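>>> I need the structure of the sequence given here:
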Amino acid sequence: MNLKIEIHLSTKVMEWDIDYPKQNKISFPLDPKGNTIVINKIILNGIETNKFYNTSLLIDGSDVVLTSIHEISMKGVFTLELDDLYILSHRSNNWHCATKKDDYIFQYEFTNDSFTNRYRDRDHKGFEKKFIPCFGCSFTYGAYQSASDSWPFQLSQRTGANYLNMGVSGSGIDGIYHNLKLLHKAQNFDKCVILFPNFERRIVRCKIDDKYMSIYSTVDLSHVTSEHSFYRNKRLLSKMQEVRDNIIKDVKNRYSKRFLNKIIDYCNKNKIELNVSSHHDDVYDYLKSQNNINLLAKFPRLSLFTERADDGEHPHRKHHEHFANEIVKTL
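Numbers count the residues shown, from 1 in each chain. As a prediction, this is how the structure comes out:
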């Protein structure tokens, strides 16, 4: 595979054309000479990458290797490692690309100077201890806020219970059902909390080469121009349009209501205590008519607080704290 790599330093731009995997790393010496050289960005075949991934600096005259490099103040050799996951994650905009059709739907996350394609909670606690998963979209994930600002984290702080943040930005109700069922089969749990998004969202599935890519109809594919990106794949673009057309035709939201009922039936059948709410009026009203659920308070309207997350649109920590407090009152 031919890869064009650009590393934009504060002092200059460096470029390479390599044949991967024959060449799987780029190394070069840097000497800031008492100043600081900043890694402004790294571009892979026209796609800006996360500049913290797979980068290191071997300090000159020592065995010390610093990882996750973005500023260089000491003389040494800078290295960018290239591997399949690094390349695949950027081609898919960090959405998980599976080797099997039925797999979790989520985005890779950076942690501990690396990233992995394993499904996990936002706080990276893992599933070893008894846990209560919290499913939802960006309102659960806590988009554009730190992990500790999200309502699942706040709920853990208030109760001492191990609530795990399983939110996936852009998720629809079908995606929540999909991940909940897979997680329960792999890591048995007896209680969960779901903050449902609006009905007008669906999974978009497409096989690209030998990988299965699953994203949501809320994902914007239009901003990507690099042909190296999976977002420019003609089959994926066609499938996205087909799914969006079906959402428009489904004026009574039968599709998402069916999956919501599947969640209720699955939890009832497997004796999972199901605690639910929504941040959308239509969905919350529909939940009021359902049996075999514990209906929580509705997620607060954004107008309750003037503050917003860093993007200026998503809920602020205050919204998450308020919702966590309301859940504690109910439970």
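>>> wait, D19 touches N2, no?
Yes - under the criterion of CB atoms under 8 Å, D19 makes contact with N2 at 6.2 Å. To be clear about C-beta, it is placed using only N, CA and C from the backbone, and glycine gets the same treatment.
>>> any idea which residue of the chain is furthest from its center?
Computed with CA atoms, centre = their mean, the residue of the chain farthest from its C-alpha average is G61, at 39.8 Å.
>>> so C206 sits against E242, correct?
No - using CB under 8 Å, C206 is not in contact with E242; the gap is 10.3 Å.
>>> of the two, who's got more company?
The neighbour count for C206 versus E242, taken as other CB atoms under 10 Å, is higher for C206 (18 against 11).
>>> the helix or strand that the more buried one is a member of: which residues count as buried?
C206 is located in strand 203-208, with elements delineated by DSSP states H and E. By 16 or more other CB atoms under 10 Å, the buried positions in strand 203-208 come out as 203-204, 206.
>>> which residues are in contact with that strand?
97, 101, 105, 172, 174-175, 178, 212-217, 219, 230, 233, 235-236, 239-240, 243 (CB atoms under 8 Å, 6 or more residues apart in numbering).
>>> for the stretch 51-200 of the chain, give me the ranges with low pLDDT.
For the stretch 51-200 of the chain, residues meeting the criterion pLDDT under 70 lie at 110-114.
>>> now the strands for it?
When assigned using DSSP state E, counting those that start in this stretch, the strands of the stretch 51-200 of the chain occupy the ranges 55-59, 65-67, 71-72, 76-81, 97-98, 110-111, 114-115, 132-136, 163-165, 191-196.
>>> out of those, which one sits most buried?
Ranked by mean neighbour count, the strands of the stretch 51-200 of the chain are led by strand 163-165 with a mean of 27 (mean count of other CB atoms under 10 Å).
>>> name the helices or strands packed onto it?
For strand 163-165, the helices and strands in contact under the criterion 3 or more CB pairs under 8 Å, 6 or more residues apart in numbering; DSSP states H and E are strand 132-136, helix 151-159.
>>> dump these into a markdown table; add distance to L304 as well.
A markdown table is the format used below for the helices and strands packed on strand 163-165 (distance: least, CB to CB, whole Å):
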| stretch | distance to L304 |
| --- | --- |
| strand 132-136 | 18 |
| helix 151-159 | 14 |
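>>> so which of these is nearest V13?
helix 151-159 (39.7 Å; CB to CB).
>>> tell me the contacts of the closest residue to Y231 other than its chain neighbours?
Closest residue in space to Y231, ignoring its immediate chain neighbours: V224 at 4.0 Å, by CB to CB, 6 or more residues apart in numbering. Listed by CB under 8 Å, 6+ apart, the contact partners of V224 are 47, 93, 231-232.
>>> which ChimeraX command selects the buried ones in these?
Applied in ChimeraX, the following selects the buried portion of the contacts of V224 according to 16+ other CB under 10 Å:
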select :47,93,231
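>>> got the contacts of V224 as JSON lines, with distance to Y266 and secondary structure columns?
Converted to JSON lines, the contacts of V224 look like this (distance: CB to CB, whole Å; DSSP: H, G, I helix; E, B strand; the rest coil):
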{"residue": "I47", "distance to Y266": "38", "secondary structure": "strand"}
{"residue": "N93", "distance to Y266": "30", "secondary structure": "coil"}
{"residue": "Y231", "distance to Y266": "32", "secondary structure": "helix"}
{"residue": "R232", "distance to Y266": "36", "secondary structure": "helix"}
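>>> nearest to I263 among the contacts of V224?
N93 (27.1 Å).
>>> now the closest one. Nearest residue, chain neighbours left out?
Y231 (6.3 Å).
>>> per-residue confidence for the one you found?
Predicted confidence (pLDDT) for Y231: 96.
>>> okay, and L260 sits in which element?
helix 254-269.
>>> rewinding a little: of the helices and strands packed on strand 163-165, give the one that comes closest to T36.
So among the helices and strands packed on strand 163-165, helix 151-159 is nearest, using CB to CB, at 33.9 Å.
>>> pairing partners for the residue positioned nearest the centre of the chain in the sheet, please.
Residue closest to the average C-alpha location in the chain (CA atoms, centre = their mean): Q107, at 3.5 Å. Here Q107 shows beta-bridge partners W95, assigned using DSSP bridges.
>>> for A186, see how far away it is.
Counting by CB to CB, to the nearest Å, the separation of Q107 from A186 is 19 Å.
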